[in-house]
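K.L.:
Quick one, what's the 3D model for this:
(2 chains)
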Amino acid sequence: GENVEQHPSTLSVQEGDSAVIKCTYSDSASNYFPWYKQELGKRPQLIIDIRSNVGEKKDQRIAVTLNKTAKHFSLHITETQPEDSAVYFCAASTDDKIIFGKGTRLHILP
Amino acid sequence: NAGVTQTPKFQVLKTGQSMTLQCAQDMNHEYMSWYRQDPGMGLRLIHYSVGAGITDQGEVPNGYNVSRSTTEDFPLRLLSAAPSQTSVYFCASSTSTSPGEAFFGQGTRLTVV
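P.N.:
Below you'll find the model as predicted:
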């Protein structure tokens, strides 16, 4: 069945450094790749997304890349700040459903 | 707009009891889904619906039933609760033009003892 693998499960970076989270997907019908951020005790919220006809997208300190041939996509956060501490989920969406990765807990160290 | 509203926020059930988790959205979204979130397991899709009268199974459907009689509502039924169903449940909705852009409810924390 459909599967989304996400690595690493935990990531600690010094404040101001960059963080990278990587995902792979299995369903070739996936055409939309959103990333969600979940703060402690809160609901997941969409932070950025990329469609299958685009290789890279940037929004301020956050960028996503997609390699559709290899079925890889990744999230890059630059100049990390304390408020970036959260759990991040990658996901792969087909025309009717979203499958999530298991999440990455990002710690920003002072 | 209230967005996606889930009730209750917290629930404790005894093994074998049944209950329904409610989910309603006021954004006229065609798509609705239920996920469960367990530590280290991410968000796993239970059931989803692309419109009123249409439902389909996700990754972990066993032990759960759904129905979609209206666009707004998508209740999740546990027929005979088991301790393995202890989890946080999220309902989400999205549009048919952006199915991956999901709006989540605030979650229901369910404990089965």
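K.L.:
Count residues in the vicinity of the nearest residue to residue A:3 once chain neighbours are set aside, would you?
P.N.:
In space, and not counting its chain neighbours, residue A:3 is closest to residue A:26: 4.5 Å by Cβ to Cβ, 6 or more residues apart in numbering or on different chains. Every C-beta, even on glycine, is put in place using the N, C-alpha and C of the backbone. By the criterion of other Cβ atoms under 10 Å in any protein chain shown, residue A:26 has 13 neighbours.
K.L.:
show me the contacts for residue A:26.
P.N.:
Neighbouring residues of residue A:26 by Cβ atoms under 8 Å, 6 or more residues apart in numbering or on different chains: A:1-4, A:71.
K.L.:
Most neighbours of all those, which one?
P.N.:
residue A:4 (23 neighbours).
K.L.:
quick one, what contacts the nearest residue to that residue once chain neighbours are set aside?
P.N.:
Spatial nearest neighbour of residue A:4, excluding adjacent residues (Cβ to Cβ, 6+ apart): residue A:101 at 4.3 Å. Residues in contact with residue A:101 (Cβ under 8 Å, 6+ apart) are A:4-6, A:23, A:89-91, B:42.
K.L.:
Out of these, which is nearest to residue A:108?
P.N.:
Checking the contacts of residue A:101 against residue A:108 with Cβ to Cβ, the nearest one is residue A:89 at 17.6 Å.
K.L.:
what about that closest one, helix or strand, and which?
P.N.:
Element membership for residue A:89, per DSSP states H and E: strand A:86-93.
K.L.:
Sheet partners, orientation included, of the helix or strand just after that strand?
P.N.:
Remark: after strand A:86-93, the chain's next helix or strand is strand A:98-100, criterion DSSP H and E. The strands beside strand A:98-100 in its sheet (DSSP bridges) come out as strand A:86-93 (antiparallel).
K.L.:
got the contact list for the partner strand?
P.N.:
Here strand A:86-93 has contacts from A:2, A:4, A:6, A:21, A:23, A:25, A:27, A:30-40, A:44, A:47, A:73, A:75, A:98-101, A:103-106, B:42-43, B:99-100, using Cβ under 8 Å, 6+ apart.
K.L.:
if you set the cut-off to 6 Å instead, what comes out?
P.N.:
Strand A:86-93 is contacted from outside by A:4, A:6, A:21, A:23, A:25, A:30, A:32-39, A:98-101, A:103-106, B:99-100, using Cβ atoms under 6 Å, 6 or more residues apart in numbering or on different chains.
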